[in-house]
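Chemist: give the three-dimensional model of this entry:
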Amino acid sequence: MSALISYLTAELRHRWQAVRDTKDGGYSTEAVLVTAVLVTLGVVVIGIIAVKVTDKASSINLG
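Modeler: The predicted model follows:
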């Protein structure tokens, strides 16, 4: 089991170093983070709008 953990650790270090050595490795991470933030903001805005529309619809007196 120890050999497997050592192998996996070495493989992760090797792959991480390969990512860091590429010229656009940082841009990729930045783009992913910006996209994640924009998606999160979009979900929050849609949630707020849905709550407001539901509240307004519930306040309509039908009778």
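
Chemist: now the host helix or strand of Gly47, how far from the centre of its chain.
Modeler: Gly47 belongs to helix 25-58 when assigned by DSSP states H and E. How far helix 25-58 lies from its chain's middle: 11 Å, per CA atoms, centre = their mean, to the nearest Å.

Chemist: give me the mean pLDDT for that helix.
Modeler: What helix 25-58 shows for mean pLDDT is 90.

Chemist: residues of it that come out buried?
Modeler: Neighbour-count burial for helix 25-58 flags no residue at all (criterion: 16 or more other CB atoms under 10 Å). (C-beta placed from N, C-alpha, C; glycine too.)

Chemist: show me what it is packed against.
Modeler: Packing partners of helix 25-58 (3 or more CB pairs under 8 Å, 6 or more residues apart in numbering; DSSP states H and E): none among the helices and strands.

Chemist: any idea how far Val45 lies from Lys56?
Modeler: Noted for Val45: a distance of 17 Å to Lys56, by CB to CB, to the nearest Å.

Chemist: ugh, wrong one, I meant Arg15
Modeler: Distance, Arg15 to Lys56, by CB to CB: 52 Å.

Chemist: now swap in Ile49 and tell me
Modeler: 11 Å.
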